[in-house]
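Engineer: Coordinates only, no sequence provided:
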């Protein structure tokens with residue numbers, strides 16, 4: 001997939017984009033995988049074909065938003081965009097994230113990390129990239145440098161999170177593979193997305209001139225919290241199951 005992490009040969013188990021989820025019957029991790037899938041798509045460059053795919057995922061968006069908020073569909077409005085908005089979305093995407101000229105919101109983890117030497121602040125391809133590439137390899141993902149995006153782009157990280165959650169929840173993954181998915185999902189959340197995404201989203205909310213990106217940034221923070229809660233809840237449940245046998 002251009003601009004995102006590609007698999008080398010075959011897709012790892014659970015790497016397909018999240019599809020429909022059962023109303024009121026989905027697990028927290030299924031909702032989380034669907035949320036990660038949507039966020040990965042919405043943070044990509046909004047060319048015509050991409051925006052068409054967003055429209056095709058409208059039902060999934062509504063169900064994830066409803067289940068995350070606990071509200072009815074009428075109380076969880078869709079992100080504000082239409083096919084007619086593609087030129088405006090592209091202009092705003094370029095202004096916020098690409099340039100030319102000063103870029104107010106670079107969508108890369110390295111830029112926003114502050115737990116690095118000060119001379120690496122606001123730089124690209126920082127120390128976090130090496131760790132991300134190791135996590136991607138653990139998932140069976142080979143990152144394609146020619147794909148058009150850096151490994152720490154926000155959309156790439158959300159897509160890797162989708163793969164990790166899907167592997168962890170896959171019936172055919174096997175126990176060892178599922179543990180890898182759980183470990184990588186937790187690392188992507190705790191050591192990466194939770195560290196830097198709030199800074200990016202606050203910048204987008206401040207700088208955006210299009211309601212789509214303002215709402216996307218706000219929703220990303222809410223859904224990231226939901227994903228973290230679901231991963232924590234699953235880990236706690238697993239610990240309770242293991243505890244009696246550990247005595």
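Structural biologist: The structure has been received and is ready for your questions. Computed from a predicted structure; not experimentally measured. Numbers count the residues shown, from 1 in each chain.

Engineer: Following the chain past the helix or strand bottoming out on mean pLDDT in the chain, name the next helix or strand.
Structural biologist: Scoring the helices and strands of the chain by mean pLDDT, DSSP states H and E places strand 6-7 at the bottom, with a mean of 42. Next along the chain after strand 6-7, taking DSSP states H and E as the criterion, comes helix 28-42.

Engineer: Could you report the pLDDT at the residue nearest to the spatial centre of the chain?
Structural biologist: Nearest to the geometric centre of the chain sits residue 158, at 2.1 Å (CA atoms, centre = their mean). pLDDT recorded at residue 158 is 97.

Engineer: can you pull the contacts of it?
Structural biologist: Going by CB atoms under 8 Å, 6 or more residues apart in numbering, residue 158 touches 36-37, 39-40, 43, 193. C-beta coordinates here come from the backbone N, C-alpha and C atoms, glycine included.

Engineer: can you give me the strands for this structure?
Structural biologist: Assigned by DSSP state E, the chain shows strands spanning 6-7, 141-142.

Engineer: packing partners for the last one?
Structural biologist: Secondary structure elements in contact with strand 141-142, counted by 3 or more CB pairs under 8 Å, 6 or more residues apart in numbering; DSSP states H and E, are strand 6-7.

Engineer: How about the contacts made by the residue lying closest to residue 96 once chain neighbours are set aside?
Structural biologist: The shortest distance from residue 96 to any non-neighbouring residue, by CB to CB, 6 or more residues apart in numbering, is to residue 105 (4.7 Å). Applying CB under 8 Å, 6+ apart, one finds that residue 105 lies in contact with 96-97, 200, 203-204, 207.

Engineer: What residues of the helix ranked longest in the chain count as buried?
Structural biologist: With secondary structure taken from DSSP state H, the chain has its longest helix at helix 211-246. Neighbour-count burial for helix 211-246, counted by 16 or more other CB atoms under 10 Å, picks out 212-217, 219-220, 223-224, 226-228, 230-231, 234.

Engineer: and which of those is nearest to residue 117?
Structural biologist: Nearest to residue 117 among the buried residues of helix 211-246: residue 224, at 26.7 Å, using CB to CB.

Engineer: I'd say that closest one and residue 194 touch.
Structural biologist: Yes - Residue 224 is in contact with residue 194 according to CB atoms under 8 Å; the separation is 6.9 Å.

Engineer: Tell me where the model's unsure across the chain.
Structural biologist: Applying pLDDT under 70 to the chain picks out residues 1-26, 70-76, 146, 171-173, 238-247.

Engineer: Go again with 50.
Structural biologist: Applying pLDDT under 50 to the chain flags the ranges 1-17, 241-245, 247.

Engineer: need the contact list for residue 80.
Structural biologist: Each residue near residue 80 by CB under 8 Å, 6+ apart is listed here: 211-212, 215.

Engineer: Now residue 48: closest residue in space, sequence neighbours ignored.
Structural biologist: Spatially, and ignoring its direct neighbours in sequence, residue 48 is nearest to residue 86 (5.5 Å; CB to CB, 6+ apart).

Engineer: number of nearby residues for the one you found?
Structural biologist: Other residues within reach of residue 86, judged by other CB atoms under 10 Å, total 17.

Engineer: separation between it and residue 51?
Structural biologist: Going from residue 86 to residue 51 by CB to CB, to the nearest Å gives 5 Å.

Engineer: for residue 31, same thing?
Structural biologist: 24 Å.

Engineer: Same question for residue 190.
Structural biologist: Between residue 190 and residue 51 the computed distance is 32 Å (CB to CB).

Engineer: Likewise for residue 99?
Structural biologist: Taking CB to CB, one finds residue 99 at 21 Å from residue 51.

Engineer: what do you get for residue 88?
Structural biologist: Relative to residue 51, residue 88 is positioned 11 Å away (CB to CB).
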